[in-house]
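Enquirer: Coordinates only, no sequence provided:
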């Protein structure tokens, strides 16, 4: 049984339907990439899993449990952590306080303050600094560290690379193997296709709220991805 | 008129609007007839209703269209009223010719008030305005010399040789009715103007509209000043009829802003029709439940408790108000065609009303 | 010497104002909500305390131990029934709904307790004072001030040092992101309203022990609380204490100089001056 099963889900962003009967599955311990153009429904998918966007029909199951009636803060306690688009750092808290808020549910596990600092050494130096004063890359590191403090079974990463220099993106993704080593399952939403495929086992490509392509990340051809990304009529 | 040439039209007036417009004119004509009559009790009711229509409409213009929710509009009631006292009792001017200058005093006072209060947002603006009204009230109370006579209050002197009592009631009722019609017309025209369109754009999408270069501050300022003018005029008209004035009631939040807020929310905030309907309904109900001999005669406390509960229930569960709910169900229902509706094809039967989109 | 005397009473009075303002500041900070019935709740507490004393005897002080938990419950209940629906909506509806609540409480108090003024009797403590040089310091105002500071210190420690306190600040910054940390924002709001009402209950009882009170006093108290918050600057409890003290000083020193003017006018004037010169308050952070 997959850790996360998304079964024929419709989801709306306001009046706008973003997901159309979307179905996908994420096995425990895997890293799965979800790629697709702007507006394909990638972020909505993650929000539907985290509970900040409601689903209208279909079913989201986590570890076999239907999440339909589980409020978003309860999903965090169940082990789903989202690193949201735009980082959403708590600006009036210090770096260390941000991390401690991440551990609000007190889920047991390997991720502790020292371990986060070990993986993101720059955060330790900035521990007492106001989080509002961090650079974009530092904030993204903090957002990931904050989510890890929950010791999630499933980590959802939304557009980690957005607005960051390639070198910084590379250093953030370098931590991913350490995260997976602890058994954490990762669902990655990315516009940077190369980065996403390199970091994952499986990949799904979304087009207009539906899965247009899926397969092992290493086996997908560039042509197939490009067709699935923009819609096949571009190439016909 | 060929509809194939222009499949999409911008529609303002519809048949329903016309019918409602005729009805509105008839109601005003009937009230004018009653105002010109010789029943002081009816004339008093007309003045009270019209004053509240003016003040509620102005409060709604601020709260419903510009986001300026004020709990301090009683400042302008009191300023208009006391300016009238100063012109009438202090300088011996004709009371009716003093209404306009009294309203102008309220307008002038609103300029520094806006400069201060606009530094606050949302609920803080609301209470900040209240503090400002309190300051004005305390200052007026402190002025113990004639013609204001401090906290104990005074009475407007209306020479009975010029205006016998019957004539005063009649004239005041006609002026109040005229003021209400003028105020609502000004609001309708204002909302159709560029200022009104920017304000509604801002209301519907603050970030978007400021991105389009709409200078929100200036529009809000203009609307605030206009509201002060009409609120001041309404205060002056009220006291031409009531004669007796005291700072605690002229600047009283529970005398003015509390009922106004309930009227507007009940009728429908952010619509022109809402405050008028709210004020009329309020008057009918209040008359019924507080007059001796009616089936349900309520004490003042119970009446106010129910008022407060009503305000809560409407604000929590029925935010569109009566008119908002009605016009939501029947979109063509509007007395004042300020909304432009885009109609594609032949949805609307009345071709004569169409204005082509350019 | 009169000036020093007035200044000391102003500072001590300021502690009470800060206590009034604490709940207002907390509710606004955490959920951007202003409760216009805040002052009426204080008056309600004073009346409830007088009823308890009349029924069971003793000093009003024991009623604090009963009424502060009751206030917490009232806050939680109000949050569930009323305020929850007002978080994040147009301020117009917040204002109308809580204004309605204020009218309801005022007139219910008027109905139950009539329009007469009442006082809480704390016996000889009310007039006890000690002298330093020529200046006399009232024991009760001093006690009240110390309690107010203790409340602010413990609240500040709660917000700064505890996990729930961090959750408060996180929710204040970004409620949606806080939910993504597993924080139940509705529970946080309930606690915030509970604390807000229980502190304003305490303030109401303290103030009723010093001066008499009537059902219509609530709006005046709300204005003082609001002025203390704005003068001190939003978002800082110490700012609120400083704002309360500044307000108290303005009132007592103003009344000392202009004896036939109402004291609250000088508080209003200070508020307007602060608004004109430093709109973010004396200690406020500039909002981005």
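Expert: Sure thing, it's come through. This one's a predicted model, so the numbers in the text were calculated from it and none came from an experiment.

Enquirer: Give me the mean pLDDT for stretch C:255-270.
Expert: Averaging pLDDT along stretch C:255-270 yields 93.

Enquirer: Revised request: answer the last question for stretch A:173-192.
Expert: Per-residue scores along stretch A:173-192 average to 93.

Enquirer: Stretch B:221-230 now?
Expert: Per-residue pLDDT values across stretch B:221-230 average out to 96.

Enquirer: go on, stretch A:29-47?
Expert: The pLDDT scores in stretch A:29-47 average 91.

Enquirer: neighbours of residue C:136, just the number please.
Expert: 13 (other CB atoms under 10 Å in any protein chain shown). For glycine as for every other residue, the C-beta is placed from the backbone atoms N, C-alpha and C.

Enquirer: ugh, typo on my part, it should be residue A:96
Expert: 19.

Enquirer: Can you name the residue of chain A nearest chain C?
Expert: residue A:76 (3.3 Å; CB to the nearest CB).

Enquirer: I'd guessed that residue sits against residue C:180; true?
Expert: Yes - when contacts are counted by CB atoms under 8 Å, residue A:76 is listed as touching residue C:180 (6.5 Å).

Enquirer: As a check, name the ranges of all helices in the stretch 1-150 of chain C.
Expert: Residue ranges of the helices in the stretch 1-150 of chain C, as given by DSSP state H, counting those that start in this stretch, are C:2-31, C:38-56, C:60-81, C:91-113, C:139-161.

Enquirer: Now tabulate the ones you listed in CSV and tack on mean neighbour count and mean pLDDT.
Expert: Output for those, formatted as CSV (neighbours: other CB atoms under 10 Å in any protein chain shown; pLDDT from 0 to 100):
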stretch, mean neighbour count, mean pLDDT
helix C:2-31, 23, 92
helix C:38-56, 22, 96
helix C:60-81, 18, 96
helix C:91-113, 23, 92
helix C:139-161, 16, 94
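
Enquirer: Now the helix or strand residue A:179 falls within: buried residues?
Expert: Of the helices and strands defined by DSSP states H and E, residue A:179 is found in helix A:176-181. The neighbour-count check on helix A:176-181 (16 or more other CB atoms under 10 Å in any protein chain shown) flags A:176, A:179-180 as buried.

Enquirer: which residues touch that helix?
Expert: A:29, A:31, A:119, A:148, A:155, A:186, A:199 (CB atoms under 8 Å, 6 or more residues apart in numbering or on different chains).

Enquirer: Pull out the buried members of those residues.
Expert: If you count burial by 16+ other CB under 10 Å, the buried members of the contacts of helix A:176-181 come out as A:31, A:119, A:148, A:155, A:186, A:199.

Enquirer: residues touching the residue lying closest to the third one once chain neighbours are set aside, list them.
Expert: This means residue A:148. Among residues not flanking residue A:148 along the chain, residue A:111 sits closest, at 4.4 Å (CB to CB, 6 or more residues apart in numbering or on different chains). Neighbour list for residue A:111: A:148-151, A:182 [criterion: CB under 8 Å, 6+ apart].

Enquirer: Let me have these in a markdown table, adding secondary structure as columns.
Expert: Formatted as a markdown table, the contacts of residue A:111 follow (DSSP: H, G, I helix; E, B strand; the rest coil):
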| residue | secondary structure |
| --- | --- |
| A:148 | helix |
| A:149 | coil |
| A:150 | coil |
| A:151 | coil |
| A:182 | coil |
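
Enquirer: By neighbour count, which of those residues wins?
Expert: Neighbour counts for the contacts of residue A:111, by other CB under 10 Å, peak at residue A:148, which reaches 28 neighbours.

Enquirer: how close does that one sit to residue A:98?
Expert: Between residue A:148 and residue A:98 the computed distance is 12 Å (CB to CB, to the nearest Å).

Enquirer: for residue A:118, same thing?
Expert: 17 Å.

Enquirer: higher neighbour count, these two?
Expert: It is residue A:98, of residue A:118 and residue A:98, that has more neighbours when counted by other CB under 10 Å, with 28 against 12.

Enquirer: Confirm that the more buried one sits in a helix.
Expert: Yes - assessed with three-state DSSP, residue A:98 lies in a helix.

Enquirer: from what I can see it touches residue A:90, true?
Expert: Yes - using CB under 8 Å, residue A:98 is in contact with residue A:90, at 5.4 Å.

Enquirer: quick one: common contacting residues for the two?
Expert: Shared contacts of residue A:98 and residue A:90, defined by CB under 8 Å, 6+ apart, are found at residue A:131.

Enquirer: can you pull out the strands in chain B?
Expert: B:8-11, B:154-155, B:244-245, B:341-344, B:355-356 (DSSP state E).

Enquirer: What of chain A?
Expert: Taking DSSP E as the criterion, chain A contains strands spanning A:4-13, A:16-26, A:31-36, A:55-62, A:65-66, A:80-83, A:154-158, A:185-189, A:202-207, A:210-216.

Enquirer: Can you check which of these gets nearest to residue C:41?
Expert: Ranking the strands of chain A by proximity to residue C:41 (CB to CB) places strand A:80-83 first, at 38.4 Å.

Enquirer: which outside residues touch that closest one?
Expert: For strand A:80-83, the surrounding residues in contact (CB under 8 Å, 6+ apart) are A:46-47, A:49-50, A:52, A:62, A:102, A:140, A:143-144, A:146-148, A:150, A:152-158, A:160, C:180.

Enquirer: Who has more neighbours out of residue A:76 and residue C:180?
Expert: residue C:180 (29 against 26).

Enquirer: what's around the nearest residue to the more buried one once chain neighbours are set aside, how many residues?
Expert: Nearest-residue entry for residue C:180: residue A:82, 5.2 Å, with adjacent residues in sequence omitted and distances by CB to CB, 6+ apart. Neighbourhood size, residue A:82 [other CB under 10 Å]: 29.

Enquirer: beta partners of residue A:82?
Expert: Following DSSP bridges, residue A:82 is listed with bridge partners residue A:156.

Enquirer: Can you check what pLDDT the model gives it?
Expert: 96.

Enquirer: List, one by one, the residues from chain C near chain A.
Expert: Residues of chain C lying close to chain A by CB under 8 Å from any CB of the partner chain are C:163, C:166-167, C:169-170, C:172-174, C:176-185, C:235.

Enquirer: List only buried entries from those residues.
Expert: Buried among these by 16+ other CB under 10 Å: C:166-167, C:169-170, C:172-174, C:177-185, C:235.

Enquirer: now, which of those lie within helices?
Expert: C:166-167, C:169-170, C:172-173, C:177-179, C:185 (DSSP state H).

Enquirer: For these, give me CSV that also has pLDDT and distance to residue A:71.
Expert: Shown next, in CSV, are these (pLDDT from 0 to 100; distance: CB to CB, whole Å):
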residue, pLDDT, distance to residue A:71
C:166, 95, 20
C:167, 96, 15
C:169, 94, 21
C:170, 96, 17
C:172, 93, 20
C:173, 92, 20
C:177, 95, 15
C:178, 96, 13
C:179, 95, 8
C:185, 93, 10
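
Enquirer: In TSV, list those residues along with distance to residue B:274.
Expert: Below are those laid out as TSV (distance: CB to CB, whole Å):
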residue	distance to residue B:274
C:166	44
C:167	40
C:169	39
C:170	39
C:172	34
C:173	36
C:177	37
C:178	36
C:179	35
C:185	33
